[in-house]
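Chemist: no sequence on this one, just coordinates:
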């Protein structure tokens, strides 16, 4: 009874973890790209394989999780899940220890974990899988886990149906937008209201200085308040010197947390357009996070369609200042654009700051 319950819980965790990533495979691939950056594993060549690798990992999670739930090929399933958990454990430990990838995307945008929380989760799952392996080892040897042919046929059919549903969900997320939107930018979100909540309850940070004693070579970390209040650190003739490039900004009070905090749009000269956009009766925004990868023909068609609308607030938002030819250009951080939607390019329509529509540009022009 206990081992069956444990098997069920572990299986469901893997299925849920795979499902939220399957819904938004492109988003998960963005997370994988972070691991290939110079500041992490410095493997830029693999960036172009981030999406295929993401598909492979998610398929493994889903199939193995469902096979564990069905108690199908249990020895192979548990062995593969243990190997997968070791792989994830390495990534999350590396992220936590070196503080590089701050969100592993283990549960997509549905549930956020800190790097250390992700690592602990992986260790707990690994221990649970090892316990399951030991509890079921006698059944491996005696083949007692094999059921009748009719049961095996039922399990195979169930696995096939499950696989078909997941393939449809994954394909939808890759070709269009996720069927279920777990992001802060889902349709119905009021950007103006979110901005007001952030302004009323902002996060607070303190700067910590790294100081080195020129006489003893001692190094200490001192927050900005202590540095100002204790004259020994900065008075004339003090042996304490600030180490350049080693200061840290540390969160001391978590305010209202929302990805909307990163929604900041500027014109090519640096003038902030955000307030104009979120207070307008209607605003149409065409976004592109990789404008050089978009065909000029598609951009022309999108701009032509947008220009047929009499909406006064229309902007083309990208990472370079001259992406769009017939609508006003604006700038936004590429990572922030990716957070809003996965398509490149895509169209976002706001009414008084509220998201009323969001779709790939190719769908918008049809």
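Modeler: Thanks, I have it. Note that this is a predicted model, so its numbers are computed, not measured.
Chemist: and the longest helix for the protein?
Modeler: Counting residues, the longest helix found in the chain (DSSP state H) is helix 149-175.
Chemist: which parts of that helix are buried?
Modeler: By 16 or more other Cβ atoms under 10 Å, the buried positions in helix 149-175 come out as 155, 159, 162, 166, 169, 170, 173, 174. C-beta here means a position set from N, CA and C on the backbone, and glycine is covered the same way.
Chemist: model confidence over it, on average?
Modeler: Averaging pLDDT along helix 149-175 yields 87.
Chemist: related to what we said a few turns ago, closest to residue 256 among the buried residues of helix 149-175?
Modeler: residue 173 (28.5 Å; Cβ to Cβ).
Chemist: how near is that closest one to residue 57?
Modeler: Counting by Cβ to Cβ, to the nearest Å, the gap from residue 173 to residue 57 is 15 Å.
Chemist: now the helices for the stretch 51-200 of the chain?
Modeler: For the stretch 51-200 of the chain, the helices defined by DSSP state H, counting those that start in this stretch cover 74-98, 115-135, 137-142, 149-175, 191-200.
Chemist: mind putting those in JSON lines, distance to residue 15 included?
Modeler: Listed next are the helices of the stretch 51-200 of the chain as JSON lines, based on distance: least, Cβ to Cβ, whole Å:
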{"stretch": "helix 74-98", "distance to residue 15": "12"}
{"stretch": "helix 115-135", "distance to residue 15": "13"}
{"stretch": "helix 137-142", "distance to residue 15": "22"}
{"stretch": "helix 149-175", "distance to residue 15": "9"}
{"stretch": "helix 191-200", "distance to residue 15": "32"}
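Chemist: out of the ones you listed, the one nearest residue 341 is which?
Modeler: Proximity to residue 341 (Cβ to Cβ) singles out helix 149-175 among those, at 11.3 Å.
Chemist: counting by contacts, list what the closest one packs against.
Modeler: helix 2-23, helix 25-35, helix 50-70 (3 or more Cβ pairs under 8 Å, 6 or more residues apart in numbering; DSSP states H and E).
Chemist: of those helices, which is nearest residue 252?
Modeler: Of all these, it is helix 25-35 that lies closest to residue 252, at 25.7 Å by Cβ to Cβ.
Chemist: enumerate the positions of the closest one that are buried.
Modeler: Buried-residue list, helix 25-35, by 16+ other Cβ under 10 Å: 25, 26, 27, 28, 29, 30, 31, 32, 33, 34, 35.
Chemist: so for stretch 227-234, first residue to last residue, what's the gap.
Modeler: Using Cα to Cα, to the nearest Å, one end of stretch 227-234 lies 8 Å from the other.
Chemist: same check on stretch 239-256?
Modeler: Using Cα to Cα, the end-to-end distance of stretch 239-256 comes out at 41 Å.
Chemist: which residues sit against it?
Modeler: 197-198, 200-216, 219-221, 223, 232-234 (Cβ atoms under 8 Å, 6 or more residues apart in numbering).
Chemist: does residue 79 touch residue 130 like I think?
Modeler: No: contact between residue 79 and residue 130 fails when scored by Cβ atoms under 8 Å: they sit 10.7 Å apart.
Chemist: tabulate the helices and strands packed on helix 149-175 (CSV), appending distance to residue 93 and mean pLDDT.
Modeler: What follows is those, written out as CSV (distance: least, Cβ to Cβ, whole Å; pLDDT from 0 to 100):
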stretch, distance to residue 93, mean pLDDT
helix 2-23, 18, 93
helix 25-35, 13, 87
helix 50-70, 17, 93
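Chemist: for residue 137, which of those helices is the nearest?
Modeler: The nearest among the helices and strands packed on helix 149-175, by Cβ to Cβ, is helix 2-23 at 11.0 Å.
Chemist: and that closest one with helix 50-70, angle?
Modeler: Counting by axes from the mean of the first three to the mean of the last three Cα atoms, to 10 degrees, helix 2-23 lies at 150 degrees to helix 50-70.
Chemist: buried residues in helix 2-23?
Modeler: Of the residues in helix 2-23, those buried (16+ other Cβ under 10 Å) are 7, 10-11, 13-23.
Chemist: so how far is residue 347 from residue 366?
Modeler: Distance from residue 366 to residue 347, by Cβ to Cβ: 12 Å.
Chemist: which one's more surrounded, the two?
Modeler: Using other Cβ atoms under 10 Å as the criterion, residue 366 and residue 347 rank with residue 347 on top: 22 against 9.
Chemist: once you drop chain neighbours, what's closest to that one?
Modeler: Nearest in space to residue 347, with sequence neighbours left out and distances taken as Cβ to Cβ, 6 or more residues apart in numbering, is residue 364 at 4.4 Å.
Chemist: repeat for residue 180
Modeler: residue 23 (5.1 Å).
Chemist: residue 216 too?
Modeler: Distances taken as Cβ to Cβ, 6+ apart place residue 239 nearest to residue 216, at 7.5 Å, with adjacent residues excluded.
Chemist: and the strands in the stretch 251-366 of the chain?
Modeler: 283-288, 313-318, 328-331, 346-351, 354-360 (DSSP state E, counting those that start in this stretch).
Chemist: what is the neighbour count of residue 283?
Modeler: Using other Cβ under 10 Å, residue 283 is surrounded by 23 other residues.
Chemist: where's it relative to residue 80, distance?
Modeler: Distance, residue 283 to residue 80, by Cβ to Cβ: 49 Å.
Chemist: now do residue 339
Modeler: From residue 339 across to residue 80, the span is 32 Å (Cβ to Cβ).
Chemist: thanks again, I'm all set now.
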